[in-house]
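Enquirer: predicted model and sequence follow; I will ask about them next.
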Amino acid sequence: MTSQLNHVLNAMDQLVLEVIDSKSGTVKLLGGDNDWVKALFPQLCPQQSFTISDNTPFLLDFLHDARQVWLGQNDARIRSGLWTEVTENKTELHLEAIAIKKQQKNFLVITNQLEEFQLQQHTKQLARELLLSNDRLCIQNEYLHSRLLSIFKQPPQQSALPTTLTKIIENAEFCVIITDNELTPLVENSAARRLFKEDKPFQIQPDKPIDIILKLMKNQLPEYDRILSTKAHWNGELCWMSPPATLKWLKISLYPVKTKLNEVENWIVFANDISTIKYLVQRNEQLALQDMLTELPNRFSFWQTLEKHITSGKNFYLLYIDINNFRRHNEFYGHDEGDKLLVECGKRIKSMIKGSDFIARIGGDEFAIILTDIDHRKACEIAIQRIIDNTKKPFATSKGETFTVSISIGAANFPNDAQTAEDLMKFIDLSAYNGKKNNKNTIQFYSQSMRDTSHQLIQLEHELRLAIQNNELELYLQPIVDLAKSTITKAEALIRWNHPTKGLIGPDKFIPVAEKSDLIIAMGEWVIQRTCQMVKKLTKLGYRIKISMNLSSAQVTDNSLFSYLHSCVEKYKVDPCLLEVEVTEGVLVDDYSVANKLLSKVRTIGMSVSVDDFGTGYSSLSYLKQLPLDFLKIDRSFINDIVTDDNDKAIVRAVIALAHNLNLCVIAEGVETKEQLHFLTDNSCNSVQGYLFSRPVQFKNFVELLKNQQINGTD
Amino acid sequence: MIQKKICLLGASGVGKTSLVKQFVEGIFNEKYLTSIGVKVDKKIISLAEQQVQLMLWDIEGQDRYHVFQERYLRGAAAYIIVVDQTRTISLRQGIDIHTLARQSTNCPAILAVNKNDLPAAWRLDEDEYASLAPLFDLHFSTSAKTGEQVEAMFLAIAELLHGNKKNDITT
Ligand SMILES: Nc1nc2c(ncn2[C@@H]2O[C@H](COP(=O)(O)OP(=O)(O)OP(=O)(O)O)[C@@H](O)[C@H]2O)c(=O)[nH]1
Ligand SMILES: [Mg+2]
């Protein structure tokens, strides 16, 4: 070893060891004798070999990897990664080891990586502190949002409201603005004024924070109009540029505060300055165009790419994918699970498209795809079907619960449907939104008639809201006959709409609209209240009749439902044993845990629970066993043909046996003939309901029926 | 003497380094200094019949700046998944890391829900707890700040591993 080489190695802060025996880890110094080397290996003497020991446990462990290299045939090298060693005199060494095989010789090089360590330490420290503060910000956002909502929910003491709100928002570290339904600010905190203060020297009238935010949204979001008109919750990132000196990245959240009638009373607006986070991310070119969560290209990258494609003038399809009920999922399983779902969903979609196609995450639960080399609709449909098939497969939470999601896909063609990026986006957004209405996997290609339909629906929703206010809804009762007693013991409450001009409208026409718009909650509360009143009246007349009411999926997941039920029971002083809630099998499967919790609570206060539409496809017997239930209602589709169809006979017999096994009573729906009735009686069905006895009737007619009790069907 | 290698895994900032520091030196530092790479500390624990030397592998937090490296788990007698009870997301990240770790080792896994001196951001209901608990051999609610359950945790791990000679590194 020349002293020259030793000089060089010392200058490079390296130590080179020759491997004498790779099995035992015996090595000999070739060069490098800086002070840190002696501190690291106190036993080291020149010319003498020594064995690496558990004094340096990390290095000892690295020998496993090193041997792979040393015992191999070819030239190779492997690095250990950085580690920190504390020497006898308590100084820290930041090191990295490299195992090398070169021309049949084996070496172990150890480098003092202080500089690299400090560099990484410095950048990662900054990055991680930001990560943590971003987490903290999200937690604060969520906390303040729910706090504000709970205040809005309290009985109004309008005069005190602004003061209360001001107090609550003033200490938030981020901008908070609360507006009326027209987006005119009522209160804002000082963080809002700070964030939007501009460094313009001679500005006379500074823009109001809310105006700046709305302008940015309008300019940067093609779905802006839709968000406002559908009263949707939105959050995302916007860039605020105001020459000469302002460039800020803002994370904006816009939340509607709605009344029970689904009217917006207020908007809550949050704005967080995320410029530093962005800046850090942007230092890495690739990350800047990437969505942090899914690692897919982000919204900005998407716009760039879309513009490029449009400039190229070639035909392509643009798809917009939206996960149905993502918000509900998020609330139910928690945001972390929501994030996980997004990542997985992105992966699955990506695996279904060609490498030359382009996918980006462009919003909360929204993905956009550009399909190139496709020039006709059929091919596009096939591609979409592949995506749907793959997202239909079950997902799992980190706790192993499985669930499924459905997606809505909007599609539009360039150049046939639209020629600009903005129009294309508007159209596919509208298409997907239209497809969403039935909560199934849907594909919607953009069409002119779509606008009209969407208008009609908005109109219907509007009328329905009035209907609730104007008392146009009415509750009909359909009797349920107990076969053992041959009397009416129960009735199902069914809602009807007496439309002032269109006449009587059935629930199948308006319930879906109500469900879509959250009006279902107000409507459900109306049903509960009305039912309690009816039960009370019947009791007064001397009839102990139980009334069952249908709960939709949105009601089951509504946190306040149970307390509302409970308060009505107290207010009208009805015996809860005379109330029953009815949920469909589908709801039980979709919202299993919430339904389970709710139904258990309902039963603890004495109400009973029945499962509607049983047998219509989910056959979730394992679920049934664990749920707190009292009645199964066999779907009418099985009853229709029980006299003639052996298959249906067998199914109905099996369901009855199963139910009895689980200590559940069985109600058959849609009973219309005596033959059907005989079959059910013979097979120990407990109760029946159907036109054979009575259609759904108004309350006064129901009372008549009770008076007569001479039911047609029971001889 | 028996030596056992124990790895501390988890997202960044959950308190892996602080737990080791509290256990080995009895010191806690409020200031966050993120770890780079690996640092191994040793501490001898006296059990009833013998002494065990714990080799504590404090590994840089696994996040988007540093991916999980399964080779660090080689020869581990146990690993601790540390999560931060003030940040719900760290629990998910911890479970993800646990899932990855399980692909390369079957050694006992311990869950440490750290920072229990601060208010918890999440509360597990019984169902969630029931589904989480079986994933781990032991679990503790710790504070590197007050020292609560820190020594107890390492002691319990040593006792759990004691007699399980399979993963001894050297003797
Ligand atoms: N209050 C409180 N703070 C803690 C506790 N444990 C750690 N901290 C603080 O949390 C921050 C992060 O702690 P570290 O021990 O460095 O976290 P780490 O998991 O090693 O982080 P990385 O090395 O970046 O992966 C520091 O500011 C600690 O002071 C605890 O039990 N209670
Ligand atoms: Mg650390």
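Expert: Arrived safely, thanks for sending. Ligands and ions are numbered 1, 2, ... in the order given.
Enquirer: next, give phi and psi for the closest residue to ligand 1 within chain B.
Expert: Across chain B, the shortest distance to ligand 1 (Cβ to the nearest ligand atom) belongs to residue B:61, at 2.4 Å. The C-beta positions use only the backbone N, C-alpha and C, and glycine is treated the same way. Here is the backbone geometry of residue B:61 (degrees, to the nearest 10): phi -50, psi 140.
Enquirer: in contact with the closest residue to it other than its chain neighbours, which residues?
Expert: Leaving aside its sequence neighbours, residue B:61 sits nearest to residue B:12 (Cβ to Cβ, 6 or more residues apart in numbering or on different chains; 2.8 Å). Residue B:12 makes contact with A:124, A:128, A:131-132, B:34, B:60-63, B:65-66 under the criterion Cβ atoms under 8 Å, 6 or more residues apart in numbering or on different chains.
Enquirer: tell me the pLDDT of the residue of chain B closest to ligand 1.
Expert: Reading off the confidence values, residue B:61 has pLDDT 93.
Enquirer: also residue A:618?
Expert: 47.
Enquirer: repeat for the one 10 residues further on
Expert: Reading off the confidence values, residue A:628 has pLDDT 83.
Enquirer: and for the one 5 residues further on?
Expert: According to the predicted model, the pLDDT of residue A:633 comes to 90.
Enquirer: and what of residue A:377?
Expert: So residue A:377 comes in at 86 (pLDDT).
Enquirer: how about it, phi and psi?
Expert: According to degrees, to the nearest 10, residue A:377 has phi -60, psi -40.
Enquirer: and for it, the neighbour number?
Expert: Other residues near residue A:377 number 13, with proximity taken as other Cβ atoms under 10 Å in any protein chain shown.
Enquirer: ok, now which ones touch it?
Expert: A:413, A:445.
Enquirer: how near is it to residue A:432?
Expert: 17 Å (Cβ to Cβ, to the nearest Å).
Enquirer: residue A:118 too?
Expert: 50 Å.
Enquirer: what score does whichever residue of the stretch 501-650 of chain A sits closest to ligand 2 have for pLDDT?
Expert: Ranked by Cβ to the ion, the top residue of the stretch 501-650 of chain A for proximity to ligand 2 is residue A:593, at 36.2 Å. At residue A:593, the model reports a pLDDT of 75.
Enquirer: surely it is within a strand?
Expert: No: the assignment for residue A:593, made by DSSP: H, G, I helix; E, B strand; the rest coil, is helix rather than a strand.
Enquirer: run a quick neighbour tally on the closest residue to residue A:299 other than its chain neighbours.
Expert: Closest residue to residue A:299 apart from its sequence neighbours, by Cβ to Cβ, 6+ apart: residue A:362 at 4.5 Å. Number of residues near residue A:362 (other Cβ under 10 Å) recorded here: 24.
Enquirer: check the secondary structure at residue A:362 for me.
Expert: strand.
Enquirer: again, but for residue A:489
Expert: Per three-state DSSP, residue A:489 ends up strand.
Enquirer: hmm, it is touching residue A:546, no?
Expert: Yes: Residue A:489 is within contact range of residue A:546, at 6.6 Å (criterion: Cβ atoms under 8 Å).
Enquirer: please, which helix or strand holds residue B:76?
Expert: Counting by DSSP states H and E, no helix or strand carries residue B:76.
Enquirer: so who does it touch?
Expert: Residue B:76 neighbours (Cβ under 8 Å, 6+ apart): B:5-7, B:57, B:105, B:107, B:167.
Enquirer: for the chain, where's the lowest mean pLDDT among helices and strands?
Expert: Since you didn't name a chain, this refers to chain A. helix A:285-288 (a mean of 47; mean pLDDT, DSSP states H and E).
Enquirer: let's do chain B instead
Expert: That would be, for chain B by mean pLDDT, DSSP H and E, helix B:126-132 at a mean of 74.
Enquirer: and for the next helix or strand after that one, what's in contact with it?
Expert: Next helix or strand after helix B:126-132 toward the C-terminus (DSSP H and E): strand B:138-141. By Cβ under 8 Å, 6+ apart, the list of residues contacting strand B:138-141 from outside reads B:85, B:108, B:110-113, B:116, B:133, B:148-149, B:152-153, B:156-157, B:160.
Enquirer: swap the cut-off to 6 Å and go again
Expert: B:110-113, B:116, B:149, B:153, B:156 (Cβ atoms under 6 Å, 6 or more residues apart in numbering or on different chains).
Enquirer: now swap in stretch B:95-106 and tell me
Expert: For stretch B:95-106, using Cβ under 6 Å, 6+ apart, the contacting residues are A:398, B:9, B:62, B:68, B:70, B:73, B:81.
Enquirer: which one of the residues in chain A is closest to ligand 1?
Expert: residue A:128 (5.5 Å).
Enquirer: excluding its backbone neighbours, what's nearest residue A:404?
Expert: residue A:394 (5.3 Å).
Enquirer: so how far is residue A:340 from that neighbour?
Expert: Distance from residue A:394 to residue A:340, by Cβ to Cβ: 14 Å.
Enquirer: for the strand or helix carrying residue B:92, the distance to its chain's centre please.
Expert: Using DSSP H and E, residue B:92 sits within helix B:88-102. Mean C-alpha position of helix B:88-102 versus that of the full chain (Cα atoms, centre = their mean, to the nearest Å) differs by 12 Å.
Enquirer: list the buried ones in that helix?
Expert: B:88-98, B:100-101 (16 or more other Cβ atoms under 10 Å in any protein chain shown).
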